[in-house]
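>>> Need coordinates for the following:
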Amino acid sequence: MHEASVIGHGAQATTSGRATGSSTGSSTGRGPERPWLAAYPPGVPAEIDVAKLGTLNGLFEASMAAFADRPAMLCFGSTMTYATLGQHARDLAAWLKSQGLAKGDRVAIMLPNVPAYAVAIFGVLLAGGTVVNTNPLYTPRELTQQITDSGARILIVLENFGATVAASLPGLTLDRVLLVGPGDGLGLKGHVITLASRHVRKAVPPFRLPDGLAVPFATVLRRGRNLPRAAVPVGPEDLAFLQYTGGTTGIAKAAMLSHRNIMANVEQSQLWFNSKDPSVQRCAVTALPLYHIFALTACFFQFMRSGGSCLLIPNPRDCDGMVKTLSRTPFTHLMGVNTLFNVLINHPQIATVDFSKLDFVVGGGTAVQRAVAERWKALTGSTIVEGYGLSETSPVVSANPRNLRDFTGTIGFPLPSTEVSIRDVAGQPVPIGEPGEICVRGPQVMRGYWNRADETARAMTEDGFFRTGDVAVMLPDGQFRIVDRMKDMILVSGFNVYPNEVEDVLATHPAILECAVVGAPSEETGEMVVAHVVLKDPSVSLDDLRAHARAQLTGYKVPRRVVLHDTLPKTNVGKVLRRMLRDETPPDAA
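Numbers count the residues shown, from 1 in each chain. Below is the predicted model:
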C-alpha cells in the first residue's frame with residue numbers, strides 16, 4: 001500500500017478521533033457516490049460486520065488452536081510452529097503481568113524481523129498491554145523521544161542495540177529492558193543480526209545497563225512458564241498499537257490503533273484477496289519490517305489468521321542474503337515496495353529464485369513505477385497488485401483485485417465498508433476526474449493521535465473523514481489514481497508538477513537504476529524540477545537523460561538539473577526520502 005501521513009485543516013473531533021457532523025459527498029448504499037461497488041470481484045460484500053470482529057487476542061487463541069502443528073515463523077532455516085509461538089507468547093504475558101503490567105500499559109518492541117517479534121507482539125497483547133512499535137535503527141535521541149511520548153514502561157530490544165538503549169537511559173524512565181539474543185529459545189543461536197551496512201557488527205557492541213533493569217528474554221520466557229495464566233479481558237475498542245508516523249511536519253506522532261481497527265482491516269483485506277481458506281498453506285515473504293504497519297497487518301496478522309507462515313527477512317538490505325533465502329525456501333506471497341522489487345529484478349542471482357508458486361504480489365509503501373512493474377512481470381510472470389494505505393488506516397484503504405492481469409498504475413478500489421472522498425482545499429468533494437485530497441472513512445481509521453488532540457482535529461473533516469494529505473483522482477469506474485503527496489508537488493511558473501509522473505518516465509530509461517524528483521528554488525520559475533539519479537550505465541550523458549524526459553513530458557516538467565548519486569537516501573521500508581534530497585539541493589546546484 002502507498003503509505004503516507006496527514007496534512008489537513010481544522011475540524012472538531014470527538015474523543016475517539018472521528019469528527020462529528022453531517023455526511024458530505026458519500027453514501028453507505030450502492031449509489032453513485034460509491035461507483036466502485038459495481039466493480040467488486042464476485043463474492044466481495046459491500047460491508048463487513050464490524051460487530052462480529054472480535055480482538056487480536058481472540059485471533060491468537062483461534063489460530064493457535066487450529067494450526068498448532070503448522071509453521072508460523074521461518075527464519076535462517078529454522079521453523080517456529082504455532083504451538084511454540086503460542087507457548088512463548090503465553091509465557092511472556094504471564095511474566096509481564098507478574099511485573100505489574102496493567103491493562104493499557106505500553107510496551108515498546110525494538111526488534112528486526114526475527115521470531116521473537118511475533119512472541120513479543122502476542123505476549124504484550126495477551127497481557128492487556130499496548131504495543132509501541134519502535135525502529136531498531138533509532139538513535140538515542142529518537143528512542144528517548146518515542147519512549148517518553150508513549151510512556152512505555154518496558155522495552156523489548158535485540159541485544160545488538162543495547163548500546164543505543166544505554167545511551168538513552170539518562171532521558172528515560174523504564175521499569176525493565178528485555179534483551180533478546182538471536183537464539184534465545186527460538187532456534188537461531190549463533191546468527192548475527194545486522195540491519196544496514198553502517199550497523200554491521202561481528203559481535204554485540206559493549207554496553208552496560210543498571211543492575212536490575214535488564215533481563216534476558218530467554219530468562220523471562222523460562223520464568224513465565226511457571227506463572228499463573230489468567231486471561232486479561234480485552235475489548236475491540238481497547239488500544240492494541242501506538243503506531244508512530246512522521247507526518248508532514250517531521251514531528252513523530254502515534255496513531256492510536258484499536259483491536260477493532262486492525263481486525264477490521266484484516267477482515268476487509270482477506271475478503272478482498274479471497275485468502276480465508278485455512279486448508280491452503282501460505283507463506284509470505286516478510287522483508288518489510290514488522291514495526292511498519294504494512295508488514296504488520298498484510299503479512300503478520302493476515303497470515304496468522306489463516307494459518308499461513310511468515311518467511312522473515314531480518315535485513316532486506318543484505319540483498320545477497322535475501323536472494324539466497326528466497327532461492328532455498330518456497331513461498332506463495334510477497335508484499336513489497338518499489339525499491340524491493342527493483343533490487344530483486346536487478347540482482348545477478350535472481351534466476352536462482354523459483355517464483356512459480358506465487359499466488360499474488362502486493363506493492364505499496366510508495367508508488368510502484370510502471371517500468372519496475374513490467375520488468376517484474378517479465379521476470380516472475382506475476383502482476384504487482386498495487387494498493388494504498390497509511391499508518392492511520394491500519395493500513396489498507398484500497399487495492400486492485402488480486403487476479404489483476406496487467407499492472408494498472410492505480411491504487412484500485414476502496415475495500416468493503418470503506419468510503420473515499422476526493423476533496424478540495426475547502427473540504428468539498430470534487431467532480432470525478434479532478435484531483436483533490438484523499439479523505440477516508442471506515443472502521444480501520446484510527447481513534448486519533450496519542451496525546452495530540454490538536455493534530456487529531458486537523459486530520460479530520462467535520463463529517464468524520466480522515467485527511468490523508470495525498471492527491472488523487474477518481475476514475476469513472478471508481479478506481480483511484482494517486483497523483484502525489486500535497487507537500488511534494490512542485491510549482492513551476494504556476495503549473496503543478498507531480499514528482500511521481502516524472503519519476504515514472506525517467507525510470508523507463510535503461511541506464512537508470514533508480515531516481516527521485518524534487519523541487520528546488522528558481523528565480524526564473526519559482527521552482528524547478530531536479531532529478532536525483534542512480535545509474536546502471538555511467539557512460540550515459542545527462543543530456544541523454546533530459547532528452548528522454550523531454551520526449552515524453554511537456555517542457556515545464558522536464559528536469560532542469562540532474563544530480564548523480566551512488567545511492568538514494570531511504571527509510572528502512574525502502575521509501576526514498578525526498579525531503580533529504582530537497583535539503584541537499586541548493587538553488588544553484590549544478
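
>>> Stretch 328-343: end-to-end distance?
18 Å (Cα to Cα, to the nearest Å).

>>> Tell me which stretches of the stretch 201-350 of the chain form strands.
214-216, 239-245, 253-258, 283-286, 309-312, 333-336 (DSSP state E, counting those that start in this stretch).

>>> Identify whichever of those lies nearest to Thr567.
strand 333-336 (18.3 Å; Cβ to Cβ). Every residue, glycine included, has its C-beta placed from N, CA and C.

>>> Other residues contacting that closest one?
For strand 333-336, the external contacting residues (Cβ atoms under 8 Å, 6 or more residues apart in numbering) are 282-288, 294-295, 298-299, 303, 308, 358-365, 574.

>>> Buried only: go through these for me.
282-288, 294-295, 298-299, 303, 308, 359-365, 574 (16 or more other Cβ atoms under 10 Å).

>>> where does this structure have low pLDDT?
Counting by pLDDT under 70, the chain shows low-confidence ranges at 1-32, 182-204, 246-251, 276, 494, 587-590.

>>> Which segments of it make up each domain?
Domain assignment for the chain by automatic domain parsing gives 35-258+271-391+403-410, 489-583.

>>> Most tightly packed of the ones you listed?
Greatest average neighbour count among these goes to domain 35-258+271-391+403-410 (a mean of 19), per mean count of other Cβ atoms under 10 Å.

>>> what about that domain, how long is it end to end?
End-to-end distance for domain 35-258+271-391+403-410: 16 Å, by Cα to Cα.

>>> starting at the chain centroid, how far to it?
Mean-position distance between domain 35-258+271-391+403-410 and its chain equals 10 Å (Cα atoms, centre = their mean, to the nearest Å).

>>> those helices in the stretch 151-300 of the chain, which residues are they?
Secondary structure of the stretch 151-300 of the chain (DSSP state H, counting those that start in this stretch): helices at 162-168, 217-224, 259-273, 293-295.

>>> Out of the ones you listed, flag the one nearest Glu434.
helix 259-273 (26.6 Å).

>>> Give the buried residues for the closest one.
Across helix 259-273, burial judged by 16+ other Cβ under 10 Å covers 259-273.

>>> list the helices and strands it packs on?
Applying 3 or more Cβ pairs under 8 Å, 6 or more residues apart in numbering; DSSP states H and E, one finds that helix 259-273 makes contact with helix 56-66, strand 239-245, helix 302-305, strand 396-399.

>>> The first one to helix 259-273, inter-axis angle?
Here the directions of helix 56-66 and helix 259-273 differ by 50 degrees (axes from the mean of the first three to the mean of the last three Cα atoms, to 10 degrees).

>>> What's the first helix or strand after helix 56-66?
Counting by DSSP states H and E, the next helix or strand C-terminal to helix 56-66 is strand 71-75.

>>> residue closest to the middle of the protein?
Phe294 (3.0 Å; Cα atoms, centre = their mean).

>>> is it true that that residue touches Pro395?
Yes: counting by Cβ atoms under 8 Å, Phe294 does reach Pro395; the two are 5.8 Å apart.

>>> how far does stretch 260-273 sit from the chain's center?
Taking mean C-alpha positions (Cα atoms, centre = their mean), stretch 260-273 and its chain are 15 Å apart.

>>> got it, and stretch 499-513?
That offset, for stretch 499-513, works out to 24 Å (Cα atoms, centre = their mean).

>>> Can you give me the end-to-end span of stretch 295-312?
End-to-end distance of stretch 295-312 (Cα to Cα): 11 Å.

>>> With Ala453 as the reference, name the closest of the domains of the chain.
domain 35-258+271-391+403-410 (11.2 Å).

>>> Pull the most distant pair out of the buried residues of helix 259-273.
In terms of Cβ to Cβ, those reach their longest pairwise distance at His259 and Phe273, which sit 21.3 Å apart.

>>> tell me the residue furthest from the middle of the protein?
Relative to the average C-alpha location in the chain, and by Cα atoms, centre = their mean, no residue lies farther out than Glu524, which sits at 39.0 Å.

>>> which SSE is that residue in?
Short version, using DSSP H and E: Glu524 is in no helix or strand.

>>> Hmm, Arg423 and Glu437 touching each other?
Yes: with contact defined as Cβ under 8 Å, Glu437 counts as touching Arg423 (5.3 Å).

>>> Those two - which one has more neighbours?
Each of Glu437 and Arg423 has its neighbours counted (other Cβ atoms under 10 Å); Glu437 has more, 23 against 18.

>>> Give the bridge partners for the more buried one, please.
Arg423, Val471 (DSSP bridges).

>>> Next up, the contacts around it.
Contacts of Glu437 (Cβ under 8 Å, 6+ apart): 7-8, 422-425, 467-471, 486.

>>> what bridges to the closest residue in space to Phe331 that isn't next to it in sequence?
Sequence neighbours aside, Cys283 is the residue nearest to Phe331 in space, at 4.5 Å (criterion: Cβ to Cβ, 6 or more residues apart in numbering). With DSSP bridges as the criterion, Cys283 is bridged to Ser309.

>>> Cys283 and Arg223: what is the separation?
Relative to Arg223, Cys283 is positioned 33 Å away (Cβ to Cβ, to the nearest Å).

>>> Same check on Ala116?
On the measure of Cβ to Cβ, Ala116 and Arg223 end up 16 Å apart.

>>> go on, Thr148?
28 Å.

>>> and what of Ser541?
Here Ser541 is placed at a distance of 65 Å from Arg223 (Cβ to Cβ).

>>> Next: Leu334.
Distance of Leu334 to Arg223, given as Cβ to Cβ: 38 Å.

>>> following the one helix or strand Ile482 maps to, which helix or strand shows up next?
Using DSSP H and E, Ile482 sits within strand 480-485. Using DSSP H and E, the helix or strand that follows strand 480-485 in sequence is strand 490-492.

>>> Not counting its neighbours along the chain, what's nearest Gln349?
Nearest non-adjacent residue to Gln349 (Cβ to Cβ, 6+ apart): Val323, at 5.1 Å.

>>> would Thr79 count as being in a strand?
Yes: applying DSSP: H, G, I helix; E, B strand; the rest coil, one finds Thr79 inside a strand.

>>> circling back: can you select the buried ones from the contacts of Glu437 in ChimeraX?
Command for ChimeraX, covering only those of those found buried under the criterion 16+ other Cβ under 10 Å:
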select :7,8,422,423,467,468,469,470,471,486
